[in-house]
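In: please work out how this folds:
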Amino acid sequence: MLAELTSGVGRRARLDLAYWLLAAISIGLIPLGPFHGLALVRMAPTVVLAFWALPATRPAFGATIAYGLLAGAMGDYFLNTFDPDLAVFGVLAFLIGHVFYIAGLRRAGWSASAARRSLVTGLATFGLGYGAVIAWVNPLQPVRSIGWVTVDPPRLVPVSPALLAYMPLLIGMASVAVMRRGSRVLALGALVFVASDSIIPLNQFLLPRAHPSDLYATEALLYPGYITYYLAQYLIARGAMAEAAAPAPTT
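Out: Numbering: from 1, shown residues only. Down below sits the predicted model:
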């Protein structure tokens, strides 16, 4: 796994630096709250990663990994406009991204070891349970203002149904990554993605907010949410690039 992360120097090192610098800026702006242009800042790291990954992953995955990253970047954009009408498109963009990931990852062979089957069973149990909790809590709430956006008249933010559809697809993507014969770094990235996308709905939909118009329950959870998100996309891209450069199946 270490060899996959350290393979390649020079241009890759510069692109690594660019990605993590943009990610650090995005995370570092959390204390400022929402502002005009934040959506572009949030999506910038993943856009860079997508254009970096496109030529490097094409031999083994076609354009699926790059398209998955670009879909994620669009999700970052829509969710960070803080426009209630666009929030659902953010979730749908991530849904599309996972469809691209699954399309690319399924090309490898499968390893049905007991450890991998157990991990997939755990993922499925977690996904179903978490989705049930979200449905039970019913997070749709009347929103009157979000950041600089005034919502008049107040409305319910239509994220919950898309979120319920999103969780099974996320778990499906992670399960495919775990069961396939290929990069362990990529599989780790998929698992980190599950961790990230468990933190975000916890903060935005499940934990109580001080005021109905608040974007999230606590700012503190934004940090692990974004750190794990950017790490997940990076590991998926780097694992795919290493596999495309030296497609040696691992078990």
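
In: in the helix or strand encompassing Ala39, what counts as buried?
Out: In the assignment (DSSP states H and E), Ala39 maps to helix 38-61. By neighbour count, with 16 or more other C-beta atoms under 10 Å as the criterion, the buried positions of helix 38-61 are 38-39, 41-50, 52-54, 56-57, 60-61. Backbone N, C-alpha and C define where each C-beta goes, glycine included.

In: count of neighbours near the closest residue in space to Ala50 that isn't next to it in sequence?
Out: Spatial nearest neighbour of Ala50, chain neighbours left out: Leu69 (3.7 Å); criterion: C-beta to C-beta, 6 or more residues apart in numbering. Using other C-beta atoms under 10 Å, Leu69 is surrounded by 28 other residues.

In: show me where the stretch 101-250 of the chain has its strands.
Out: 142-146, 149-156 (DSSP state E, counting those that start in this stretch).

In: hmm, back to that, CA atoms only: put the helix or strand just after the helix holding Ala39 into PDB for me.
Out: Sequence-wise, the next helix or strand downstream of helix 38-61 (DSSP H and E) is helix 64-79. Output in PDB follows, covering the C-alpha atoms of helix 64-79 (Å, rounded to 0.1, in the frame of the first residue of the first chain):
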ATOM      1  CA  THR A  64     -14.900   6.800 -15.000                       C
ATOM      2  CA  ILE A  65     -12.700   7.800 -12.100                       C
ATOM      3  CA  ALA A  66     -12.200  11.300 -13.500                       C
ATOM      4  CA  TYR A  67     -15.900  11.700 -14.100                       C
ATOM      5  CA  GLY A  68     -16.700  10.400 -10.600                       C
ATOM      6  CA  LEU A  69     -14.400  13.100  -9.200                       C
ATOM      7  CA  LEU A  70     -15.900  15.800 -11.400                       C
ATOM      8  CA  ALA A  71     -19.400  14.800 -10.200                       C
ATOM      9  CA  GLY A  72     -18.200  15.100  -6.600                       C
ATOM     10  CA  ALA A  73     -16.900  18.500  -7.400                       C
ATOM     11  CA  MET A  74     -20.300  19.600  -8.700                       C
ATOM     12  CA  GLY A  75     -21.800  18.200  -5.500                       C
ATOM     13  CA  ASP A  76     -19.400  20.300  -3.500                       C
ATOM     14  CA  TYR A  77     -20.500  23.300  -5.500                       C
ATOM     15  CA  PHE A  78     -24.300  22.800  -5.200                       C
ATOM     16  CA  LEU A  79     -24.100  22.000  -1.500                       C
END
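
In: please begin residue numbering at 300 from this point
Out: Noted, 300 is the first residue going forward, which turns the last one into helix 363-378.

In: re the thing from before, so the residue nearest to Ala349 touches Phe393, yeah?
Out: No - applying C-beta atoms under 8 Å as the test, Leu368 and Phe393 come out as separate, 11.1 Å apart.

In: just for the protein, where's the confidence low?
Out: Along the chain, segments meeting pLDDT under 70 span 300-309, 383, 434, 436-462, 511-512, 546-550.
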